[in-house]
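>>> from the sequence below, what's the structure:
(4 chains)
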Number of protein chains: 2
Amino acid sequence: MPQSGKHVTLRELAAHAGVSRSTVSLVLQESPLVARRTRERVMAAARTLGYVYNRGAATLRSAHTATLGVVVHDIANPFFGAMVAGIDETLQNADYVPFLVSSGNSVARQQRLITRLREQRVDALLLCPAEATPAALIDTIADWGLPCIEVMRHVGDTPRGHYVGADIRAGLARAVAHLIDQGHQRIALVTGTGHSSADRERMAGYREAMQAASLAPDIRTGSNDLTRRAGLVRTLEIMKAPTPPTALICHNDLMALGALLALNRLGLMPGIDCAVVGIDDSDEAALGEPALSSIATHPHAIGQAAAGLALACLRGPGGDAQRIVLDTSLQVRASTDPTSGHLWELS
Amino acid sequence: MPQSGKHVTLRELAAHAGVSRSTVSLVLQESPLVARRTRERVMAAARTLGYVYNRGAATLRSAHTATLGVVVHDIANPFFGAMVAGIDETLQNADYVPFLVSSGNSVARQQRLITRLREQRVDALLLCPAEATPAALIDTIADWGLPCIEVMRHVGDTPRGHYVGADIRAGLARAVAHLIDQGHQRIALVTGTGHSSADRERMAGYREAMQAASLAPDIRTGSNDLTRRAGLVRTLEIMKAPTPPTALICHNDLMALGALLALNRLGLMPGIDCAVVGIDDSDEAALGEPALSSIATHPHAIGQAAAGLALACLRGPGGDAQRIVLDTSLQVRASTDPTSGHLWELS
DNA sequence: TCAGTGTTTTGGATCGATCCAAAGACTGCT
DNA sequence: AGCAGTCTTTGGATCGATCCAAAACACTGA
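Below you'll find the predicted structure:
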């Protein structure tokens, strides 16, 4: 059936079905106005002709593309992998398609990508901003009239517009409390440069909890490379001090897993000689040896929430900036509590 | 400068710059026909008005969207993370934008996604087909006149159209030879269902090499879940036989890392009691303890090659189906050769 | 000054859908 | 039959760019 060669147009489809273009258009939009029998006739014709809807043409008139821009700063990070899966799932039901691009944490690249997305006339933007993104960007995007939702990170001290994230602060408080419970006193926080909102949130939650327990905060900022390798290298560095920390809270699971590797190399027993906590509770956290304690941020749910919020913005322009902050929870495993045993989680 | 509210059109831009629409159009296409001074005037006007090119409108006339569809089967797999980064990079230079979608290895979902992409009139498709994709799909896509490049996997026995992949077969031969060299005889291949082309290629390379050495092949097929968790579970199963294999070649690094975890749990020393080889040489392979030997498939380069080939197809329709197969190499590390020492690779 | 040549610029038609106001078809009721 | 009230269908006009053939312009040399 599907004709090779040029595309079938709505006009031809109308001719074939013996109705007007307008009627066909209504059918394609699933309008309730058109009679059932007519709709069926048109659908049948569409099938036999191999008609493909041309969203670009529709966009020109209706100013709505059924696409969403998604900008992340590191596509290879498993957190974003899971988040994107959540986004995908939610959009799927609404027949939206995501344009997914990765800024590689470069502001210049992010700028170019956003321009590209704007040329494509995406209906909305989900943005995990690159570090050092100028605070004005969000206002600029708002000026453009492009709905934008910041995810997990935000530029400036507090989200200026819509925001979806996780309650990292509470998570950190819980993690610190747990470590203190386990008898730790020298608890360090290993994070990025300290300038991104994600870093600041971690630092705030950590600092509060430490101060509440009258312990001296020990924050180790570094580069914005937040990979396994960075976790490894930085832990090697940290642990060679004369009186190193006895517990590390790492910026994310990747770095925490790197920290575990470092401890191994140093001949230290993770969880016994030094406790390690990650953030994200990625799939790998539960599997390792020792299993990694982690603050669960539920990336899949965050992706769903963000996409859902975007769709809501598009349906009704609504009013105020929404701020969705999902709960976190602490998964205690062997890397902080050797007695937690080998409850291997094989689903 | 950027006006809030409605979009500036090319028409307004032309009026503001005191030239005709056609001239502006030529400027935007960077045509050499227009005089330098005119071009500058138009560019300046574009800046002051905050003009944004409307690619959708352009598409309607010129039948070319500057977008590429990219369909992978598991976005969370680090191989695809790196591959997508390579694609992104190459497209960036050509001002193309990728539509990235994930089929989750479901044929039905893949079908829907491809329809969505077709509605968006993507100029070409990069496809890592879901398992059990009907062989006819590639022909159908060709009938549509949509250039398509299969990546890493292909439907049917042999690629029907353009294909970019890695020489897995040679890699497997090398891996088997290396293991035999290390004195192994009971070498098992742990792979997916055995039905995807990726599986078949692994099996073929493995079988040849084993037969060449007069050893009995031992192929363990299973589900098409190719994750760390699957590697763990399946290795636990495999190793509880009375005379288990002494070496495992796993479908990818994720599964191999899972296998290492399993050996740990069983109290076996990876690399000594049982050797493990992965495929992909992902970032994590080099970092673990023991470090994982792996067949390097260079996902970044594959992404670049695939995107490059797609762009080439678009420039000149060219002729024959191209088949690009990149070399693989074997990275020997402690998981197969304990004497390889701790040459920790910290770049 | 003018024909000849090469360089720039231009208006009208066009791509494939949607929007809108108004026409047509049908029903039930007087 | 005539009319009001629904339910369906319809033909322009339109969105914002590109394409193309032809017009305008700028030189050059006779």
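>>> and the residue lying closest to A:Leu266 once chain neighbours are set aside, how close does it get to A:Arg220?
Nearest non-adjacent residue to A:Leu266, counting by Cβ to Cβ, 6 or more residues apart in numbering or on different chains: A:Met239, 5.8 Å away. (C-beta placed from N, C-alpha, C; glycine too.) To A:Arg220, A:Met239 is 11 Å away according to Cβ to Cβ, to the nearest Å.
>>> likewise for A:Ser31?
With Cβ to Cβ as the criterion, A:Ser31 and A:Arg220 are 60 Å apart.
>>> more neighbours: these two, which one.
Neighbour count, other Cβ atoms under 10 Å in any protein chain shown: between A:Ser31 and A:Arg220, A:Arg220 has more, with 17 against 11.
>>> look up how far A:Pro242 lies from that one.
With Cβ to Cβ as the criterion, A:Arg220 and A:Pro242 are 16 Å apart.
>>> outline the domain layout of chain A.
Domain segmentation of chain A under automatic domain parsing yields A:10-53, A:66-166+A:299-328, A:168-296+A:330-340.
>>> ok, and does stretch A:246-264 reach over to chain B?
Yes. Stretch A:246-264 reaches chain B (Cβ under 8 Å from any Cβ of the partner chain) through A:258, A:261, A:264.
>>> list just the nearest of those to A:Phe80.
A:Phe80 lies nearest to A:Gly258 out of the residues of stretch A:246-264 next to chain B, by Cβ to Cβ, at 17.8 Å.
>>> name the nearest residue to that closest one, sequence neighbours excluded.
A:Gly258's closest residue in space is A:Gly231 (Cβ to Cβ, 6+ apart), at 2.5 Å.
>>> so where's chain A uncertain?
Counting by pLDDT under 70, the ranges of chain A that qualify are A:1-5, A:317-318, A:341-347.
>>> for it, which segments count as strands?
A:67-72, A:97-102, A:124-127, A:148-151, A:162-166, A:187-190, A:219-220, A:247-250, A:275-280, A:293-296, A:323-326, A:329-331 (DSSP state E).
>>> who does the third one pair with, and is each partner parallel or antiparallel?
Sheet pairing of strand A:124-127 (DSSP bridges) gives strand A:67-72 (parallel), strand A:148-151 (parallel).
>>> one more: the last one?
Strand pairing for strand A:329-331, determined by DSSP bridges: strand A:293-296 (antiparallel).
>>> before we move on, back to that, correct me if wrong: the residue nearest to A:Gly258 contacts A:Leu263.
No. With contact defined as Cβ atoms under 8 Å, A:Gly231 does not reach A:Leu263; the gap is 10.6 Å.
>>> joint contacts of the two?
With contacts taken as Cβ atoms under 8 Å, 6 or more residues apart in numbering or on different chains, A:Gly231 and A:Leu263 have no neighbour in common.
>>> between the two, who's got more neighbours?
A:Gly231 (30 against 26).
>>> separation between the more buried one and DNA strand C?
50 Å (Cβ to the nearest atom of the strand, to the nearest Å).
>>> what sits against that residue?
So A:Gly231 contacts A:190, A:250, A:254-259, A:261-262 (Cβ under 8 Å, 6+ apart).
>>> now those in JSON lines, with distance to B:Arg118 and neighbour count?
Converted to JSON lines, the contacts of A:Gly231 look like this (distance: Cβ to Cβ, whole Å; neighbours: other Cβ atoms under 10 Å in any protein chain shown):
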{"residue": "A:Val190", "distance to B:Arg118": "47", "neighbour count": "27"}
{"residue": "A:Cys250", "distance to B:Arg118": "44", "neighbour count": "29"}
{"residue": "A:Leu254", "distance to B:Arg118": "37", "neighbour count": "27"}
{"residue": "A:Met255", "distance to B:Arg118": "41", "neighbour count": "30"}
{"residue": "A:Ala256", "distance to B:Arg118": "43", "neighbour count": "31"}
{"residue": "A:Leu257", "distance to B:Arg118": "40", "neighbour count": "27"}
{"residue": "A:Gly258", "distance to B:Arg118": "42", "neighbour count": "28"}
{"residue": "A:Ala259", "distance to B:Arg118": "46", "neighbour count": "30"}
{"residue": "A:Leu261", "distance to B:Arg118": "45", "neighbour count": "24"}
{"residue": "A:Ala262", "distance to B:Arg118": "49", "neighbour count": "25"}
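>>> nearest to DNA strand C, out of the strands of chain A?
strand A:67-72 (15.1 Å; Cβ to the nearest atom of the strand).
>>> now do the closest one and strand B:97-102, the angle between them.
Strand A:67-72 runs at 90 degrees relative to strand B:97-102, counting by axes from the mean of the first three to the mean of the last three Cα atoms, to 10 degrees.
>>> contacts for strand A:67-72 next, please.
A:80, A:83-84, A:87, A:91, A:96-103, A:110, A:113-114, A:117, A:120-129, A:307, A:310, B:99, B:120.
>>> what does stretch A:153-166 give?
For stretch A:153-166, using Cβ under 8 Å, 6+ apart, the contacting residues are A:128-129, A:133-135, A:137-139, A:142, A:147-152, A:196-198, A:297-298, A:302, A:305-306, A:309, A:313, A:321-328.
>>> and the helices in chain A?
In chain A, the helices defined using DSSP state H lie at A:10-17, A:21-28, A:36-49, A:55-62, A:78-93, A:107-119, A:136-143, A:168-181, A:197-212, A:228-239, A:253-265, A:283-287, A:299-315.
>>> chain center to the fourth one: distance?
Just to be clear, that refers to helix A:55-62. Once both centres are worked out by Cα atoms, centre = their mean, to the nearest Å, helix A:55-62 turns out to sit 29 Å from its chain's centre.
>>> send me it as PDB with only the CA atoms.
Written as PDB, here are the backbone C-alpha positions of helix A:55-62 (Å, rounded to 0.1, in the frame of the first residue of the first chain):
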ATOM      1  CA  ARG A  55       3.200  18.000  11.300                       C
ATOM      2  CA  GLY A  56       5.400  20.700   9.900                       C
ATOM      3  CA  ALA A  57       2.700  22.000   7.600                       C
ATOM      4  CA  ALA A  58       0.200  21.900  10.500                       C
ATOM      5  CA  THR A  59       2.600  23.700  12.700                       C
ATOM      6  CA  LEU A  60       2.800  26.600  10.300                       C
ATOM      7  CA  ARG A  61      -0.900  27.400  10.800                       C
ATOM      8  CA  SER A  62      -1.500  26.200  14.300                       C
END
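>>> tell me the buried residues in that helix?
Under the neighbour-count criterion of 16 or more other Cβ atoms under 10 Å in any protein chain shown, helix A:55-62 has A:55-60 buried.
>>> distance to A:Gln182 added to those, as a markdown table?
Converted to a markdown table, those look like this (distance: Cβ to Cβ, whole Å):
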| residue | distance to A:Gln182 |
| --- | --- |
| A:Arg55 | 56 |
| A:Gly56 | 59 |
| A:Ala57 | 63 |
| A:Ala58 | 60 |
| A:Thr59 | 57 |
| A:Leu60 | 62 |
